[in-house]
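**Student:** Give me coordinates for this.
(chains A and B)
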Amino acid sequence: ETGVTQSPTHLIKTRGQQVTLRCSSQSGHNTVSWYQQALGQGPQFIFQYYREEENGRGNFPPRFSGLQFPNYSSELNVNALELDDSALYLCASREQGARGYTFGSGTRLTVV
Amino acid sequence: AQRVTQPEKLLSVFKGAPVELKCNYSYSGSPELFWYVQYSRQRLQLLLRHISRESIKGFTADLNKGETSFHLKKPFAQEEDSAMYYCALSRGGSNYKLTFGKGTLLTVNP
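**Tutor:** Alright, predicted model coming up:
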């Protein structure tokens, strides 16, 4: 058990719809990042939250948004889904002073 | 801008042979470099980071600032080393975003 759980594991949505992906980190992991991993690519940074505030963002449009909650859970919301949003979405969290991030298993999103 | 290049998409070696997975990076400051590994049907996990100068599962990696490289090496590959390996860079300190390479799929044949 690595302490980072993502739900759902798989999801199929239609173009134009909205989706919410969830991540649950273990206690003390006050930094959470979200990554998008397209097929055959490495993970790409979407944004990061620290103590419920966004403190870093990658090259993703505003329709990608997030929230972090006091109970160490977080959400990634994507509006107006496009076919290119089909990917594996990874959540990674970290506690202060840890060696590195702990990754979840990801949510596989397919947009049709 | 930060960039990580892993020139080999696939690498195949025989058990007991040395293995080297290449990673080159581009960053103007002082980066922190990592290797992440993903075994079949498992999640991405940290293998090692340059700042620790450690050896994990027989793997080592040395940061060469002159060549801007952080190659991962193991003198004698084992079948259980077969996995996807990602090199990643952070601009400084582990609390910053990771920029990943595209990954190298290592296959160790019996």
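**Student:** residue ranges with poor pLDDT in chain B?
**Tutor:** Chain B contains residues with pLDDT under 70 at B:92-95.
**Student:** again, only this time at 90
**Tutor:** Counting by pLDDT under 90, chain B shows low-confidence ranges at B:1-2, B:27-32, B:41, B:49-56, B:62-63, B:65, B:90-97.
**Student:** Identify the residues contacting A:Gln37.
**Tutor:** Neighbouring residues of A:Gln37 by CB atoms under 8 Å, 6 or more residues apart in numbering or on different chains: A:43-44, A:87-90, A:106. Using the backbone N, CA and C atoms, a C-beta is placed for each residue, glycine as well.
**Student:** which bits of chain B sit near chain A?
**Tutor:** Listed as neighbours of chain A in chain B under the rule CB under 8 Å from any CB of the partner chain: B:4, B:34, B:36, B:43-46, B:49, B:52, B:86, B:88, B:94-103.
**Student:** In helices only, show me those.
**Tutor:** Judged by DSSP state H, helices contain none of the residues of chain B next to chain A.
**Student:** Give the partner strands of whichever strand or helix holds A:Phe45 in its sheet and their orientations.
**Tutor:** In this assignment (DSSP states H and E), A:Phe45 forms part of strand A:44-50. The strands beside strand A:44-50 in its sheet (DSSP bridges) come out as strand A:31-37 (antiparallel), strand A:53-57 (antiparallel).
**Student:** In JSON lines: these, plus distance to B:Phe76.
**Tutor:** Output for the strands paired with strand A:44-50, formatted as JSON lines (distance: least, CB to CB, whole Å):
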{"stretch": "strand A:31-37", "distance to B:Phe76": "31"}
{"stretch": "strand A:53-57", "distance to B:Phe76": "40"}
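**Student:** what would the ones you listed look like in CSV with distance to B:Phe59 and mean pLDDT?
**Tutor:** Formatted as CSV, these follow (distance: least, CB to CB, whole Å; pLDDT from 0 to 100):
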stretch, distance to B:Phe59, mean pLDDT
strand A:31-37, 22, 95
strand A:53-57, 29, 90
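**Student:** Mean neighbour count, those: which tops it?
**Tutor:** strand A:31-37 (a mean of 25; mean count of other CB atoms under 10 Å in any protein chain shown).
**Student:** Name the nearest residue to the residue in chain B positioned nearest to chain A, ignoring sequence neighbours.
**Tutor:** Distance from chain A to each residue of chain B (CB to the nearest CB) is smallest for B:Phe100, at 3.3 Å. Nearest residue to B:Phe100, sequence neighbours excluded (CB to CB, 6 or more residues apart in numbering or on different chains): A:Gly42, at 3.3 Å.
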